[in-house]
Structure formats: C-alpha cells, structure tokens
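**Q** Okay, structure incoming, though there's no sequence with it:
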C-alpha cells in the first residue's frame, strides 16, 4: 500500500513537471490587483523553492515595446531572461499586456515562433498570455534564453498599456524545486502610451 502511494506521488510530480515545461498556467504573470480584478500570482505559486527575485542576479527584460503605439500596428517584441550561474539550465516565461485604466487585456499577441512560444487564453479580464512552449525552454543552455513574438496595438481609447511578466531560471532537475523566479512586478516590464494621432484640417495647432 505504501509502495502504491509512493508511485502515485512520483507520477503526480512527473505530470506537474511536464505541465510546467509545456508552459505555465495562464494568470501567473504577476499582474497587480486593479479595476476590480484580483492580483495574479507569479511562478513562485508552483516553483516555491526560493523566494521571488531571490539572489538579484536574474534579469527579465522586454524589448521592442514602442513609447507610443499606433493602433493596429504590429510590433516585434522580445523577452529575455538572463542568469549567470552554471546550474541554471532551463528557462521559461509568461507575459501579458493590460490596460492601465481597466486592467483588461490590451491588444493582441501573434505567435511568430510556434516551436518555442505559445498563446494561452486567461480566465480573468479578457487577458491573453504568451509563454514558452515545451520546445522553447533552451534546455541545457547556460546564461539565459530569449523568445520573440508580435503584439498588435489596441485602439487609441485603450490608453496606457502595461506589460507584465515573470521568468523562470530553472535547474532542469525535472521537479519544481530549486528554480528561481524573477519579475519586476508590481512594476510593469514596459509601458506604451497611445500615439497622438493625426489632426484634422482646420483644427487649431
């Protein structure tokens, strides 16, 4: 009987590890509470071997976000997670974009590297998430990993858009222990303001 329970625990642990490698559950990008919506957890909800931002050496960045977005325009974005330790051998992330006024999903993500990234629909506030896929964890690569995708800017009335995300610098031991999670939340990774738009003829300058 004890042996059966041990086997069950091992199977459960293996399934959890596989699910994490395939991509985190939606809603773990660390979006703060706002607009009547609760705060999201980050990846430490499962990978709890170390506290968040435990050693200060892991860095999660987002590049390509425009200072002022043009509605409907496609922007090529890149998430990168870096950590110098040699025992960090597998990598992952999750990211979303929200309206800073309503905290609802803002714009659309387009997967341009399907082997390594995926799009996941969330359960809260109409948010969508980009994350690593099973093949996109840069297994055994030291130093870090980067992922690319596109974001289609929302209507100008959306206002300020904030991008939130979390990254996992894992030790690739097949479990959720010993992994280090990094995020700047409650600060966003990046912020984009709507462009001013074209002025109509006859309007005062």
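**A** Sure, I can see it. Nothing here was measured: the structure is a model prediction, and the numbers come from that model.
**Q** Low-confidence ranges, this structure, go.
**A** 1-22, 198-205 (pLDDT under 70).
**Q** End to end on stretch 149-162, go ahead and measure it.
**A** 17 Å (C-alpha to C-alpha, to the nearest Å).
**Q** Pull out the buried positions in that stretch.
**A** 149-151, 153-154, 158, 161-162 (16 or more other C-beta atoms under 10 Å). C-betas here are computed from N, CA, C, even on glycine.
**Q** show me where the chain has strands.
**A** With strands called from DSSP state E, the chain shows them at 59-63, 68-69, 74-82, 90-99, 108-110, 117-121, 128-132, 144-152, 161-170, 180-182, 190-194.
**Q** Of all those strands, which one is nearest residue 34?
**A** Proximity to residue 34 (C-beta to C-beta) singles out strand 90-99 among the strands of the chain, at 8.2 Å.
**Q** Who are the packing partners of the closest one?
**A** Contact here means 3 or more C-beta pairs under 8 Å, 6 or more residues apart in numbering; DSSP states H and E; on that basis strand 90-99 packs against helix 2-22, strand 74-82, strand 128-132, strand 144-152, strand 161-170.
**Q** Taking strand 128-132 as reference, get the angle to it.
**A** Compare the direction of strand 90-99 with that of strand 128-132 by axes from the mean of the first three to the mean of the last three C-alpha atoms, to 10 degrees and you get 160 degrees.
**Q** circling back: now distance to residue 29 too, for the strands of the chain, in TSV please.
**A** Formatted as TSV, the strands of the chain follow (distance: least, C-beta to C-beta, whole Å):
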stretch	distance to residue 29
strand 59-63	11
strand 68-69	19
strand 74-82	11
strand 90-99	5
strand 108-110	12
strand 117-121	10
strand 128-132	6
strand 144-152	14
strand 161-170	5
strand 180-182	11
strand 190-194	13
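**Q** and the buried residues of stretch 149-162, which two are the farthest apart?
**A** Pairwise distances across those (C-beta to C-beta) peak at 19.2 Å, for the pair 149 and 158.
**Q** In contact with residue 42, which residues?
**A** Neighbouring residues of residue 42 by C-beta atoms under 8 Å, 6 or more residues apart in numbering: 28-30, 52, 166, 181, 183, 185.
**Q** change it to 10 Å
**A** 24, 27-31, 52-53, 94, 164-168, 181-183, 185 (C-beta atoms under 10 Å, 6 or more residues apart in numbering).
**Q** so how far is residue 185 from it?
**A** Using C-beta to C-beta, to the nearest Å, residue 42 is found at 6 Å from residue 185.
**Q** residues shared between the contacts of those two?
**A** 29-31, 52-53, 164-166.
**Q** Now flag whichever of those residues is closest to residue 139.
**A** Using C-beta to C-beta, the shared contacts of residue 42 and residue 185 come closest to residue 139 at residue 166, 19.2 Å.
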